[in-house]
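1. The amino acid sequence is not available; the structure is as follows:
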């Protein structure tokens, strides 16, 4: 029987269990796939640790993105066929050698993109896509600030934002991560452990400040991020790696310049099949055209997932990581 990584309770890395699971045949609208590579994301930590509640209870198979090969399809499936190389984001269940999944959540991987690249970039890359093209449409001349610039989304974001003609500012926690971000499109990288990032942004921009701030860090960067914005501009909170932003008085937005704030999630942007195909196509095109490069910086065996989670939480990883079944 195939194996999967499941949790029967939420907590530390010790709750991760690598165990056999029974998988049936695909039903109507479903596909059976064999994974070749699985993406590792901080979202997985949120579900494991208890930050997010399992949508269907426990036990839960973690993981939101992967790539693989279609082994069989159920009745009525025409978007993919047996033998296709495919990738997907959501629903949960990617930490497995094989799985059943709704076929309309799958996209074909084009030539020129490897399975590992696809697995490593579907969630992170389509997150960068919606942030840059739809949450706020970045255009030439914009000044953008992105926290956690050396992370998986950040390295894709920096390259793409630079291609769009923006001045791209990032924050990181070490000189090594700053160098990595600087080689992936960021024009200016601020080590927030050494300097106040608000003062640094003011100096970099000559007092203009930013058109948009993108933040997946949360508690540690709020509300200081608001001080990096021009009046009537946008703060985008799309993660909380340092903890949730605490409740705050909305009046702070008016006090700091009639600011806008949004809390998007990728699944609001790819819920429709047409939106999923458009986002994936834009991402694949960016990689094939070469202005976004996907480097796999860490590889772990699926059986070693506890170490992968520990490294991710300990901020020992950079860029993208994959689990290999």
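-> Okay, I see it. Source: prediction; values computed, not measured. Numbers count the residues shown, from 1 in each chain.

2. can you count the residues close to residue 236?
-> Residues within reach of residue 236, counting by other CB atoms under 10 Å, total 20. (C-beta placed from N, C-alpha, C; glycine too.)

3. what does residue 249 give?
-> Neighbours of residue 249 under the rule other CB under 10 Å: 8.

4. for it, helix, strand, or coil?
-> Following DSSP: H, G, I helix; E, B strand; the rest coil, the label given to residue 249 is coil.

5. distance of it from residue 239?
-> Distance, residue 249 to residue 239, using CB to CB, to the nearest Å: 23 Å.

6. Please parse this protein into its domains.
-> What automatic domain parsing lists as the domains of the chain is 3-122+273-324, 140-263.

7. of those, which approaches residue 134 most closely?
-> Closest to residue 134 of the domains of the chain, according to CB to CB: domain 3-122+273-324, at 8.5 Å.

8. hang on, the earlier thing: compare the domains of the chain and give me the one nearest residue 131.
-> Among the domains of the chain, the nearest to residue 131 by CB to CB is domain 140-263 (5.8 Å).

9. next one: that closest one to chain centre, how far?
-> Distance, stretch centre to chain centre, for domain 140-263: 16 Å (CA atoms, centre = their mean, to the nearest Å).

10. From one end of it to the other, what's the distance?
-> Using CA to CA, to the nearest Å, the end-to-end distance of domain 140-263 comes to 24 Å.

11. OK, contacts around residue 77?
-> Counting by CB atoms under 8 Å, 6 or more residues apart in numbering, residue 77 touches 26, 29, 30, 31, 103.

12. Secondary structure and neighbour count added to the residues you listed, as TSV?
-> What follows is these, written out as TSV (DSSP: H, G, I helix; E, B strand; the rest coil; neighbours: other CB atoms under 10 Å):
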residue	secondary structure	neighbour count
26	coil	21
29	coil	15
30	strand	21
31	strand	27
103	helix	24
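
13. ranges for the strands of the stretch 51-200 of the chain?
-> Ranges of strands within the stretch 51-200 of the chain are 60-61, 65-73, 85-89, 98-102, 107-108, 143-147, 167-172, 188-191, based on DSSP state E, counting those that start in this stretch.

14. Could you export those as CSV, including mean pLDDT and mean neighbour count?
-> Formatted as CSV, the strands of the stretch 51-200 of the chain follow (pLDDT from 0 to 100; neighbours: other CB atoms under 10 Å):
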stretch, mean pLDDT, mean neighbour count
strand 60-61, 98, 20
strand 65-73, 98, 23
strand 85-89, 97, 25
strand 98-102, 98, 20
strand 107-108, 98, 21
strand 143-147, 98, 27
strand 167-172, 98, 26
strand 188-191, 98, 21
